[in-house]
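Colleague: below: sequence and its predicted model.
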Amino acid sequence: MNTEIFAPFDLKIGYLTPKNPIALAPMAGITDSKFAAQFTDHVGMVVLGGYNLDELTNEAAQREVQRGRREFITDSPMEFLESELQAITGEDTGTAVMVNVRAADIEAYADAARLAKKYHAGIEINAHCRQPEIMELGAGESLLGHLDTLREIIETVRSTGAVVSVKTRANVVDDLEVAKVIEQAGAHIIHIDAMGGRGADVNVIRKIRNNTSLFIIGNNSIVDFSSAKSMFSRGADMVSVARAVINEPNTLRSLVDQVTSEQMLTGWYNSPKHICGGGDLRALTFCCLPVKPCAVHNALKQIGMTAKEFTRLKLDFVEGTPLEYGDSTCFGSMAWCCKISKPCFLRDGVMEVVGVSDVEFMQIKKRMSEEILSHRKN
């Protein structure tokens, strides 16, 4: 599939417009402009770094290198950062650029953000690195335990007008508390390494999706479309790939092709699993009429909506759309029908008669999910 011709995604994060929801993740000592350039013809975003912004973080990185780790080390961090931005943004590929950075000095973050904005890139605060040399400086993962400092950094960086992301590591502290601080401080993106006991903890993605409006980049153990879809179906807007790219460079191209195909076939590439299957609250759009004990009632409690209000809202929403029809379906209207990936001869029969495609059905369902959640009270 030629993803240069087909552009079915509508992603916008401040002044960034990724062409698809697949990203190259930052890897210290690896993901520089030269490494990333080999992917910019197809991925939606590249996140360079992590870069060290001041003398202290560069000295810490030097100690890491001495024990065998790879790091980006320079005597002139801002000049180096600008040269990297110049190299990666010189050609208009439609790929959004972020720079992941670490510093011991808050003003260094602001200086880097101003540089990033100058080159129409975004800035990513590294609250993820767990190397002791970096954490001892109050940078990296240590920020997760010092949320007042993290908030101050975000607010300082946000004041530059740059698009702001925060890279975090899951299951270190209270993930939801961290996400809410990130959102309240004004960041646009949370980039979550959903580190679990074995592989990715996708429930972290769902929890943050259910409780914030942040743009979510899911990361950890993304090796194929199945693992990417697991995060998409819990609420990730984008997924990022790290080590799998080193093992197999075509991983990113394959993911772009498959997610583009998914979007063109269904109209909603990151549609949620059903509520009863572990999906996030967006999946209320696929729920049945709430007339029997099931998971929909717990989901409605989470958003502070009664079953009666939910029923009225969905019926009002589909009025005047193809989904208002469906006398032969379970509850007399396609307002209550499940997602298109679940076989249903009743729904499909009505869709054929009415003349609504799979894509149109799912796009209406997507708008319905947005309408339901816009009325949440909790």
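Modeller: Nice, I can see it.
Colleague: give the contact list for residue 54.
Modeller: Going by CB atoms under 8 Å, 6 or more residues apart in numbering, residue 54 touches 77, 103-105, 108. Bear in mind the C-beta positions are built from the backbone N, C-alpha and C, glycine included.
Colleague: widest-spaced pair of these?
Modeller: Farthest apart among the contacts of residue 54 by CB to CB are 77 and 104. That separation is 11.5 Å.
Colleague: of these two, who's got more company?
Modeller: The residue with more neighbours, out of residue 77 and residue 104, is residue 77; 22 against 18, by other CB atoms under 10 Å.
Colleague: mind listing the strands for the chain?
Modeller: 22-24, 45-52, 96-102, 122-127, 164-169, 189-193, 215-219, 238-241 (DSSP state E).
Colleague: in helices only, show me the contacts of residue 54.
Modeller: Using DSSP state H, the subset of those located in helices is 77, 108.
Colleague: as CSV, the contacts of residue 54 with distance to residue 350 would be great.
Modeller: What follows is the contacts of residue 54, written out as CSV (distance: CB to CB, whole Å):
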residue, distance to residue 350
77, 61
103, 58
104, 62
105, 62
108, 59
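Colleague: quick check: which of the strands of the chain is nearest to residue 152?
Modeller: Residue 152 sits nearest to strand 122-127 of all these, at 10.9 Å, using CB to CB.
Colleague: mind listing what the closest one pairs with, with the direction of each?
Modeller: Its sheet considered, strand 122-127 pairs with strand 96-102 (parallel), strand 164-169 (parallel) by DSSP bridges.
Colleague: can I get these in TSV with distance to residue 293 and mean neighbour count?
Modeller: What follows is those, written out as TSV (distance: least, CB to CB, whole Å; neighbours: other CB atoms under 10 Å):
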stretch	distance to residue 293	mean neighbour count
strand 96-102	45	28
strand 164-169	36	28
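Colleague: residue 199 is nearest to which of these?
Modeller: Closest among the strands paired with strand 122-127, using CB to CB: strand 164-169, at 14.5 Å.
Colleague: between the closest one and strand 45-52, how big is the angle?
Modeller: In terms of direction (axes from the mean of the first three to the mean of the last three CA atoms, to 10 degrees), strand 164-169 departs from strand 45-52 by 70 degrees.
Colleague: restrict strand 164-169 to CA atoms and write it as PDB.
Modeller: Extracted as PDB, the C-alpha positions of strand 164-169 are listed here (Å, rounded to 0.1, in the frame of the first residue of the first chain):
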ATOM      1  CA  VAL A 164       5.000  19.500  24.900                       C
ATOM      2  CA  SER A 165       5.200  15.800  25.600                       C
ATOM      3  CA  VAL A 166       6.200  14.000  28.700                       C
ATOM      4  CA  LYS A 167       7.800  10.500  28.500                       C
ATOM      5  CA  THR A 168       6.900   8.400  31.500                       C
ATOM      6  CA  ARG A 169       7.400   4.900  32.800                       C
END
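Colleague: and residue 206, how many neighbours does it have?
Modeller: Using other CB under 10 Å, residue 206 has 24 other residues around it.
Colleague: oh, I was asking about residue 354
Modeller: Using other CB under 10 Å, the number of residues around residue 354 comes to 16.
Colleague: what's the answer for residue 179, then?
Modeller: Neighbours of residue 179 under the rule other CB under 10 Å: 23.
Colleague: residue contacts, it?
Modeller: Residue 179 sits next to 168, 190, 208, 211-212, 214 when contact means CB under 8 Å, 6+ apart.
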